[in-house]
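Novice: below are the sequence and a predicted model for it; my questions follow.
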Amino acid sequence: MSIVLRNGKIYTSDSRMPIAKAIVINDDIFSYVGDDDSELWRKYLGNDKAFEVYDLNGKTVVPGIVDGHIH
């Protein structure tokens with residue numbers, strides 16, 4: 001199963017592209033991070049016929065924050 005998040009502000013933590021507009025996740029692996037052009041992200045779906053597309057309507061997505069600080 002593939003998941004597409006599009007039309008959003010996706011924080012990447014990458015100084016070369018701090019904000020992406022779309023991502024494709026295939027089997028828990030990020031296979032595309034970039035522009036929201038559907039011709040681009042559709043290529044990264046591969047042969048997977050089962051995928052879900054979520055329109056973020058401009059909302060922001062940030063990675064999960066894990067605090068490894070232990071006392």
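Specialist: Structure received. These numbers come from a predicted model, not from an experiment.
Novice: show me what contacts Lys43?
Specialist: For Lys43, the contact set (CB atoms under 8 Å, 6 or more residues apart in numbering) comprises Tyr32. Every residue, glycine included, has its C-beta placed from N, CA and C.
Novice: backbone phi and psi for it, please?
Specialist: Here is the backbone geometry of Lys43 (degrees, to the nearest 10): phi -60, psi -30.
Novice: do the same with Arg42
Specialist: phi -60, psi -30.
Novice: can you check the pLDDT for it?
Specialist: Listed pLDDT for Arg42 reads 84.
Novice: could you do Ile29 as well?
Specialist: At Ile29, pLDDT is 89.
Novice: so what pairs up with it in the strands?
Specialist: Asn26 (DSSP bridges).
Novice: please report how far it lies from Tyr44.
Specialist: Distance, Ile29 to Tyr44, by CB to CB, to the nearest Å: 10 Å.
Novice: out of those two, which sits in the more crowded spot?
Specialist: Remark: of Ile29 and Tyr44, Tyr44 carries more neighbours, 19 against 8, as counted by other CB atoms under 10 Å.
Novice: wait, isn't the more buried one in contact with Ile25?
Specialist: No. Counting by CB atoms under 8 Å, Tyr44 sits too far from Ile25 to count as a contact (9.6 Å).
Novice: between those two, which contacts overlap?
Specialist: Contacts common to Tyr44 and Ile25, judged by CB under 8 Å, 6+ apart, are Ser31.
Novice: the residue minimising distance to the centre of the chain sits in which helix or strand?
Specialist: Nearest residue to the geometric centre of the chain (CA atoms, centre = their mean): Ile23, 2.5 Å. According to DSSP states H and E, Ile23 maps onto strand 22-26.
Novice: cool, and Asn47?
Specialist: Going by DSSP H and E, Asn47 is not in any helix or strand.
Novice: so how far is Ser31 from it?
Specialist: 12 Å.
Novice: quick one: which of those two has more around it?
Specialist: A direct count of neighbours by other CB under 10 Å for Asn47 and Ser31 places Ser31 higher, at 16 against 4.
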